[in-house]
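Novice: would you be able to build a 3D model of this:
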Amino acid sequence: MDPRSGSAGALAGLKVVDLSRVLGGPYCTMILADHGANVIKVEPPQGDETRQWGPPFAVRADGSRDASYFLGVNRNKRAIALDISLPAGREVLLRLLEDADVLVENFKTGTMEKWQLGYSQTLEARFPRLIHCRVSGFGADGPLGGLPGYDAVVQAMSGLMSINGEVDRGAVRLATPMVDLATGMYSAIAVLMALQERTRSGRGQFVDMTLYDCATALLHPQAANYLLSGIRPVPLGNAHPNVAPYDKWSTRNGEIFIAIGNDRQFRILVELLGQPQLAADARFSSNADRLAHRDELRAALNQAFAQADGHELAERLLRAGAPAGVVLPIDEALASPQAQVRAMVVQTDDIRGVGTPIKLSRTPAQMRCAPPVFARDGDAILRESGFSAEEIAQLKRAGVLREGRAKPPAR
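Specialist: As a prediction, the model looks like this:
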């Protein structure tokens, strides 16, 4: 991500109306925004709830506070606050969609239809080129159709949680909200596919994305193993179900992770550990043998690892072609020279964030603006859509267009 680039971005000229909140939808639209799409974040009167998911909080230019959770997935967007539960708010939304390419929303299934804004019900006929991407928990069909979905709950229901952790401790939630993030990434891919197809057909379409489907798609290789063998996968901690040695090891100055994928890499490993005879041991001569004797292999290598300088060993292994890396805490990982060179920490105004992993040579991503202050761009967005000053003032008087954040509704 190059803040100095003159590129408008690979998606310049694309207009995205983003009704989504929390994580999956906003992560999708941030990917699009980083690469030049004009993303209009339409928030409810109380705002995206993740603005309050802190501490930590950043104090914004207007004195308001936004949590890091919100800041991490909403850069490069402009914000407007509309009450689309009101008929007048829905009319404003329809005007915003008149020249939009993409609509992203993650309301509970059926909400858009209740408001007469469903794709097949209204939007397809009125905006035939529109890509409507819905992110939901389970979709509209099946026994769970229409029910809300949440990252950790879907981790549990999809099987992801059952393969994470140690076999004697029970299922463990993945610490990062992998289901939400993966759904955001899959959704961005799906939107771009639909846009590519539109160049041929001239028609938009409905994109049905669910947390449940995306979580299930992440079950590799355990699902593939089960579908072939019929054996239920179990958690292996840091070990790999199909490859060995592929695990975390303790050294005299920290932990390293080794990911040996073939016999050549295994020979490199044992030679650098001063245990070359292990490569000729019949128990360890092939990956299948090493898997069958996983515990013996660990016992044979433990002392050699414990005596090694982990940082030096990891670099020597990596440079020799055997995958290895030091286990770093997040502060050290973000401060590493590699992260800095690859621009994986970026800053706009007073907000730092994680950079984009998508590196394009001619049209790189840009940090055009920090995550938006609540409702900051409402007037400008409406003027661009042809609203007069009097219309905007009337929308404010009617409580449709918000300038200050409303209190969250009582639960």
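
Novice: quick one: low-confidence parts of the protein?
Specialist: 1-6, 408-411 (pLDDT under 70).

Novice: run the last query once more with 80
Specialist: Scanning the chain with the threshold set as pLDDT under 80 gives 1-7, 408-411.

Novice: can you tell me which residue is spatially central in it?
Specialist: Nearest residue to the geometric centre of the chain (Cα atoms, centre = their mean): Leu181, 2.5 Å.

Novice: phi, psi of Leu195?
Specialist: Taking degrees, to the nearest 10, you get phi -70, psi -40 for the backbone angles of Leu195.

Novice: my guess is the residue nearest to the centre of the chain contacts Leu23, does it?
Specialist: Yes - using Cβ atoms under 8 Å, Leu181 is in contact with Leu23, at 7.1 Å. Heads up, the C-betas are built off the backbone N, CA and C, glycines and all.

Novice: okay, and the residue nearest to the centre of the chain sits in which element?
Specialist: If you go by DSSP states H and E, Leu181 is part of helix 178-201.

Novice: which neighbours in the sheet does the helix or strand following that helix have, and how are they oriented?
Specialist: Next along the chain after helix 178-201, taking DSSP H and E as the criterion, comes strand 206-210. Partners of strand 206-210 in the sheet, by DSSP bridges, are strand 131-136 (parallel).

Novice: just the C-alpha atoms of the partner strand, please, in CSV.
Specialist: The C-alpha atoms that make up strand 131-136 are tabulated as CSV, following Å, rounded to 0.1, in the frame of the first residue of the first chain:
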residue,chain,number,x,y,z
ILE,A,131,-24.4,-6.4,-7.9
HIS,A,132,-26.2,-7.1,-4.6
CYS,A,133,-24.0,-9.0,-2.1
ARG,A,134,-25.7,-10.2,1.1
VAL,A,135,-23.5,-11.5,3.9
SER,A,136,-25.6,-13.6,6.4
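
Novice: can you tell me the SS state at Arg316?
Specialist: Classification of Arg316 using DSSP: H, G, I helix; E, B strand; the rest coil returns helix.

Novice: the strands in the stretch 101-250 of the chain, which residues?
Specialist: Applying DSSP state E, counting those that start in this stretch to the stretch 101-250 of the chain gives strands spanning 102-105, 131-136, 206-210, 246-251.

Novice: ok, back up a step: from Asp377, how far off is the residue nearest to the centre of the chain?
Specialist: Per Cβ to Cβ, to the nearest Å, Leu181 is found 26 Å from Asp377.

Novice: what residues does Ala8 make contact with?
Specialist: Ala8 is in contact with Gly36, Thr363, counting by Cβ atoms under 8 Å, 6 or more residues apart in numbering.

Novice: now do His311
Specialist: If a contact means Cβ under 8 Å, 6+ apart, then His311 has Asn253, Gly254, Val326 as its contacts.

Novice: in PyMOL, select just the buried ones from these.
Specialist: In PyMOL, this line selects whichever of the contacts of His311 come out buried by 16 or more other Cβ atoms under 10 Å:
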select buried, resi 326
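
Novice: of the contacts of His311, which is the nearest to Ala194?
Specialist: Val326 (41.4 Å; Cβ to Cβ).

Novice: so the closest one makes contact with Gly310?
Specialist: Yes - in this structure Val326 lies within contact range of Gly310 using Cβ under 8 Å: 6.0 Å.

Novice: between those two, what contacts are shared?
Specialist: Between them, Val326 and Gly310 share these contacting residues under Cβ under 8 Å, 6+ apart: Gly254, Glu255, Ile256.

Novice: as a markdown table, these with distance to Ala88 and secondary structure would be great.
Specialist: Formatted as a markdown table, the shared contacts of Val326 and Gly310 follow (distance: Cβ to Cβ, whole Å; DSSP: H, G, I helix; E, B strand; the rest coil):
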| residue | distance to Ala88 | secondary structure |
| --- | --- | --- |
| Gly254 | 60 | strand |
| Glu255 | 58 | strand |
| Ile256 | 60 | strand |
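
Novice: ok, so of those residues, who is nearest Leu360?
Specialist: For the shared contacts of Val326 and Gly310, the nearest to Leu360 is Ile256 (32.9 Å; Cβ to Cβ).

Novice: any idea how far that closest one is from Leu318?
Specialist: Per Cβ to Cβ, Ile256 is found 10 Å from Leu318.

Novice: find the residues that touch each one of those two.
Specialist: Taking Cβ under 8 Å, 6+ apart as the contact rule, Ile256 and Leu318 both touch Ala324, Gly325.

Novice: list the contacts of the most far-flung residue of the chain relative to its centre.
Specialist: Going by Cα atoms, centre = their mean, the residue of the chain most distant from its centre is Gln277, 44.2 Å out. Shown in contact with Gln277 (Cβ under 8 Å, 6+ apart): Val270.

Novice: how about the helices in the stretch 251-400 of the chain?
Specialist: Taking DSSP state H, counting those that start in this stretch as the test, the helices found in the stretch 251-400 of the chain are 263-272, 287-292, 294-307, 310-320, 330-335, 337-341, 378-384, 389-397.

Novice: Ala171 - how many residues pack around it?
Specialist: By other Cβ atoms under 10 Å, the residues close to Ala171 number 14.

Novice: need the contact list for Ala140.
Specialist: By Cβ under 8 Å, 6+ apart, the contact list for Ala140 reads Thr109, Gly110, Gly146, Asp208.

Novice: okay, now the residue lying closest to Glu197 once chain neighbours are set aside: neighbour count?
Specialist: Closest residue to Glu197 apart from its sequence neighbours, by Cβ to Cβ, 6 or more residues apart in numbering: Gln205 at 7.4 Å. A total of 20 residues lie near Gln205 under the criterion other Cβ under 10 Å.

Novice: list the contacts of Gln205.
Specialist: Ile131, His132, Ala194, Glu197, Arg198.

Novice: what's across from the second one in the sheet?
Specialist: Partner residues in beta bridges with His132: Leu103, Phe206, with DSSP bridges as the criterion.

Novice: how many neighbours does it have?
Specialist: His132 has 26 neighbouring residues, counting by other Cβ under 10 Å.

Novice: the residue lying closest to Arg383 once chain neighbours are set aside and Arg95, how far apart?
Specialist: Nearest residue to Arg383 in three dimensions, chain neighbours excluded: Ile392, at 7.4 Å (Cβ to Cβ, 6+ apart). Plainly put, Ile392 is 12 Å away from Arg95 if you go by Cβ to Cβ.

Novice: I am finished for the moment; much appreciated.
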